[in-house]
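# pasting the structure only:
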């Protein structure tokens, strides 16, 4: 099993550009999550999904959108990138609520 | 959300020394995980431990859910143990709430 994979690893965006961060898991997990980590801080939840077709906001959803059309994939869309979105983005998955979460390697995004 | 406090914020150890990291949380939890974030930024799962004690090699963890704290023990530390250790909990919501971490530096 590859676990949770994310692409790209690094990206530099100009202010106002858009992009999609990809996340795929091969563990047949129902729950998937997107977190962001700002320098020197712990992770904060952006959006999560409890299954295909079902998504919900986390603590810091503004400026982001998600979709979940399959069990495996959970892309995160950034519209109109802003410098405040410079961060490291982690995708995670778990079998169900309260179960152990497994994290991808992260995407380091810089908006200038 | 649940408040998670970790101590100490920074820790410097000589190789071979032992250490204890603490995590306090503000409410009852369904899930507690310890992670090691290595210098390359990768999050490595150490323990899934909502209650009780677990051991994995030189590392062990204990969670006392009724008293709302967890401890991570590192014995015979190695330079590869350096990095940031995070405690994270799930309460009534679906997501993990992370503490701000303990930065561990092990010097040879």
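Nice, I can see it. Since we're looking at a predicted model, the values are computed, not measured. Numbers count the residues shown, from 1 in each chain, chains lettered A, B, ... in the order given.

# around chain A, pick out the residues from chain B.
B:1, B:4, B:30-31, B:33, B:35, B:41-43, B:45, B:48, B:50, B:86, B:88, B:90, B:94-96, B:98-101 (CB under 8 Å from any CB of the partner chain). (C-beta placed from N, C-alpha, C; glycine too.)

# among those residues, which ones are in strands?
B:4, B:31, B:33, B:35, B:43, B:45, B:48, B:86, B:88, B:90, B:98 (DSSP state E).

# just the closest of those to chain A, please.
residue B:98 (2.9 Å; CB to the nearest CB).

# quick check: the closest one touching residue A:42?
Yes: using CB atoms under 8 Å, residue B:98 and residue A:42 qualify as a contacting pair, with a distance of 2.9 Å.

# between these two, what contacts are shared?
B:4, B:86, B:88 (CB atoms under 8 Å, 6 or more residues apart in numbering or on different chains).

# who's in contact with the residue nearest to residue B:10 when sequence neighbours are not counted?
Distances taken as CB to CB, 6 or more residues apart in numbering or on different chains put residue B:103 closest to residue B:10, at 4.9 Å, once the chain neighbours are dropped. By CB under 8 Å, 6+ apart, the contact list for residue B:103 reads B:9, B:10, B:11, B:83, B:84.

# repeat that with 10 Å
A:40, B:8, B:9, B:10, B:11, B:12, B:37, B:82, B:83, B:84, B:85 (CB atoms under 10 Å, 6 or more residues apart in numbering or on different chains).

# neighbour count, pLDDT and distance to residue A:76 for the residues you listed - can I get that in TSV?
Output for the contacts of residue B:103, formatted as TSV (neighbours: other CB atoms under 10 Å in any protein chain shown; pLDDT from 0 to 100; distance: CB to CB, whole Å):
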residue	neighbour count	pLDDT	distance to residue A:76
A:40	10	85	22
B:8	12	98	34
B:9	13	97	30
B:10	11	97	32
B:11	18	97	34
B:12	12	97	37
B:37	20	96	20
B:82	17	96	30
B:83	22	96	25
B:84	21	97	23
B:85	23	98	26
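
# which one among those residues gets closest to residue A:68?
residue B:37 (26.4 Å; CB to CB).

# my guess is that closest one contacts residue B:100, does it?
No: assessed by CB atoms under 10 Å, residue B:37 is found out of contact with residue B:100, at 11.8 Å.
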